[in-house]
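below is the structure, and that's it, no one-letter string:
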């Protein structure tokens, strides 16, 4: 029986360092029916040349904003399913796409699938404590606290039916999420969570796959963590109205709780022990500082209103 075609959409901007690893892993996949679409924000390095050498379709993204690039990539796609992978991601193995598609083939009613992060044992990049912390936490501290899933499975997959309040902030059109194209092709968005929020409100279900994961090669030190979330806070400010009216409806109380959690240090310090029980690593000691720092970044960049208004 033939398997559904998948279009892998990758937004890029100056990803010449990371893109070869990602494309090499994709080209080694044992799931054969897929295409790769690079939606490039007019990179100044060799990103486009590398994409051409690897036979990728290339879409010009003059806006440079990754979410616009994903939308343009969907428009170019020919697959029944869209897999969104960022340029600094890398699937864990050659079976990644097969494992991600398994719940969708088993359960055609599902809207999509997603997986978790894990640091690579074979990458010097991922050996830095900040990248290990981010990967095993599963997201940035605010997203983890507001909308993170406390996963307990380590294999197989689990089907989730979310509601507006329990919608996880790590389920987005990014970093390994696969979604049926016909469900999102009519949407227009400036935010990678909005389309999936609409599907959740419509009662659609998603599977989290625990048999595989992604490596996210993006934090090299604490400074890169601060720089990344300062940039994200600025983009969030640009699209504040759309995000406030869609992504975070019903979460205002949770944001107030986050302010208490992140600035008082008591609960984050307690959570170090919980994290350490599951993964006995010293990098968890950064958790209280990372929480407080991200709150301060959002406060300084956009003002406390963006947090309190949710």
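The structure has been received and is ready for your questions. Source: prediction; values computed, not measured.

pLDDT weak spots in the stretch 201-310 of the chain?
Per-residue confidence for the stretch 201-310 of the chain (pLDDT under 70) gives these ranges: 235-252, 302-310.

kindly recompute the last result at 90.
With pLDDT under 90 as the threshold, the stretch 201-310 of the chain has low-confidence stretches at 201, 214-221, 224-225, 227-257, 278-279, 281, 298-310.

okay, domains of this protein per the record?
The record assigns the chain these domain ranges, following automatic domain parsing: 6-216, 222-308.

highest average neighbour count across these?
Neighbour counts averaged per stretch over these are highest for domain 6-216, at a mean of 19; criterion: mean count of other Cβ atoms under 10 Å. The way it works is simple: take the backbone N, C-alpha and C, and place the C-beta from them, glycine included.

can you list the strands that the strand with the most length in the chain pairs with?
Of all segments of type strand in the chain, defined using DSSP state E, the longest is strand 206-216. Neighbouring strands of strand 206-216 in its sheet, by DSSP bridges, are strand 89-91 (antiparallel), strand 112-117 (parallel), strand 157-160 (antiparallel).

nearest to residue 151 among those would be which one?
Each of the strands paired with strand 206-216 was checked against residue 151 via Cβ to Cβ, and the shortest separation belongs to strand 112-117, namely 6.8 Å.

and the angle from the helix or strand following the closest one to strand 112-117?
Using DSSP states H and E, the next helix or strand after strand 112-117 towards the C-terminus is helix 129-137. Between the direction of helix 129-137 and that of strand 112-117, the angle (axes from the mean of the first three to the mean of the last three Cα atoms, to 10 degrees) works out to 140 degrees.

check what contacts the helix or strand that comes right after helix 129-137 and list those residues.
Per DSSP H and E, helix 129-137 leads on to helix 141-147 as the next helix or strand towards the C-terminus. Surrounding helix 141-147, the residues in contact under the criterion Cβ atoms under 8 Å, 6 or more residues apart in numbering are 137-138, 166-170, 248, 251, 254-255, 257-258, 261-262, 287, 290-291, 294-295, 298.

let's see that with 7 Å instead.
Contact with helix 141-147 is made by 137-138, 167-170, 251, 254-255, 258, 261, 290-291, 294, as judged by Cβ atoms under 7 Å, 6 or more residues apart in numbering.

equivalent analysis for stretch 164-172, please.
Counting by Cβ under 7 Å, 6+ apart, residues outside stretch 164-172 touching it are 114, 138-139, 143, 146-149, 162, 177, 192-193, 196-197, 200-201, 206, 249-250.

what strand or helix carries residue 270?
Following DSSP H and E, the helix or strand that holds residue 270 is helix 266-278.

cool, residue 11 as well?
The secondary structure element spanning residue 11 is strand 6-12 (assigned by DSSP H and E).

now do that strand, average pLDDT.
Per-residue pLDDT over strand 6-12 has a mean of 96.

now stretch 72-81
Model confidence over stretch 72-81, given as mean pLDDT, is 95.

ends of that stretch, what's the gap?
Counting by Cα to Cα, to the nearest Å, you get 15 Å between the two ends of stretch 72-81.

cool, and stretch 57-68?
The straight-line separation of the ends of stretch 57-68 (Cα to Cα) is 17 Å.

how much space between residue 293 and residue 230?
Counting by Cβ to Cβ, to the nearest Å, the gap from residue 293 to residue 230 is 10 Å.
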